[in-house]
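J.: Make a model of this:
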Amino acid sequence: MSVVVDRYGLGPLQTNCYVARASRDATEAAVIDPGGDAAELRLELARTGAGCVAILITHGHFDHLGGVADLAEGTGAPVYMPAGERELLERYTDFAPFGAPGRAYTPDHLLEGGETIEVAGIDFECVAIPGHSPAHVAFHADGCLFSGDLLFAGSVGRVDLPGADWETLLASVRTLTERYPPDTVVYPGHGPATTLGDELRQNPFLAELRA
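T.: Numbering: from 1, shown residues only. Okay, here's the model as predicted:
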């Protein structure tokens, strides 16, 4: 199996939203981190002939949640998100900046890390990667790693936010580099795709892991 991944920049921060399908002609898709513009995203899904059958959330920051309620209600797709950050979705308007698109929603499945999620013909491994946020998770399937805001091309997630911690973030990156091969493609929450190997070799924030 070779997972097909399409990227869309959604919401006020143009956060990366990913649509993952088991093949190019698959009629079911998993959507990762729909940060806004759910109506536009559904039009794109219709254009490709795929229906959203699951919504996977890496963490609870508002720019990754803005389209969740509309997409879930419009498609009936269940929402999977970290248990420790559910309140950020369930009380969305209490935490999101004023004027940010989105509504509160109750997730259907709560994650701790260690689960396997079988949706859209794809088996996603859920991996706990705290650091940028306390209950952050990543999703891995067939050499593709959806890393949320832990790791970017040439950078890492912020650690000046509530619940963030630099040493914890670094340990989570180490966990990923030890668990998955260097050619694993990283699909981050912002910016272009990269690989674990490239980041371990070149990312200036990961110098401690190269020592």
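
J.: Please make it C-alpha for all contacts and neighbour counts, starting now.
T.: OK.

J.: From the chain's centroid, how far away is the longest helix anywhere in the chain?
T.: If you go by DSSP state H, the chain has its longest helix at helix 166-179. Centroid separation between helix 166-179 and its chain, computed with Cα atoms, centre = their mean, to the nearest Å, is 17 Å.

J.: which secondary structure elements does it contact?
T.: Judged by 3 or more Cα pairs under 8 Å, 6 or more residues apart in numbering; DSSP states H and E, helix 166-179 is in contact with helix 196-202.

J.: so for the longest helix of the chain, what's the average pLDDT?
T.: The average pLDDT within helix 166-179 is 97.

J.: and for it, what are the contacting residues?
T.: For helix 166-179, the surrounding residues in contact (Cα atoms under 8 Å, 6 or more residues apart in numbering) are 128-132, 150-151, 159, 196-197, 200, 206, 209.

J.: Give the buried residues for that helix.
T.: Residues 166, 168-170, 172-174, 176-177 are the ones in helix 166-179 that count as buried (16 or more other Cα atoms under 10 Å).

J.: Can I get stretch 80-99 in PDB? Just the C-alpha atoms.
T.: C-alpha atoms of stretch 80-99 as PDB (Å, rounded to 0.1, in the frame of the first residue of the first chain):
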ATOM      1  CA  TYR A  80     -10.200  11.200  17.000                       C
ATOM      2  CA  MET A  81      -8.100  13.500  19.200                       C
ATOM      3  CA  PRO A  82      -5.800  13.400  22.300                       C
ATOM      4  CA  ALA A  83      -7.700  12.900  25.500                       C
ATOM      5  CA  GLY A  84      -5.600  15.400  27.400                       C
ATOM      6  CA  GLU A  85      -6.600  18.200  25.000                       C
ATOM      7  CA  ARG A  86     -10.200  17.500  24.400                       C
ATOM      8  CA  GLU A  87     -11.300  20.500  26.400                       C
ATOM      9  CA  LEU A  88      -9.700  22.800  23.800                       C
ATOM     10  CA  LEU A  89     -12.200  21.500  21.200                       C
ATOM     11  CA  GLU A  90     -15.200  21.000  23.600                       C
ATOM     12  CA  ARG A  91     -14.800  24.700  24.700                       C
ATOM     13  CA  TYR A  92     -13.300  26.000  21.500                       C
ATOM     14  CA  THR A  93     -14.600  29.500  21.800                       C
ATOM     15  CA  ASP A  94     -13.100  29.900  25.300                       C
ATOM     16  CA  PHE A  95      -9.600  29.200  24.000                       C
ATOM     17  CA  ALA A  96      -9.500  30.400  20.400                       C
ATOM     18  CA  PRO A  97      -8.600  34.000  19.600                       C
ATOM     19  CA  PHE A  98     -11.600  36.300  19.100                       C
ATOM     20  CA  GLY A  99     -12.900  36.000  15.500                       C
END
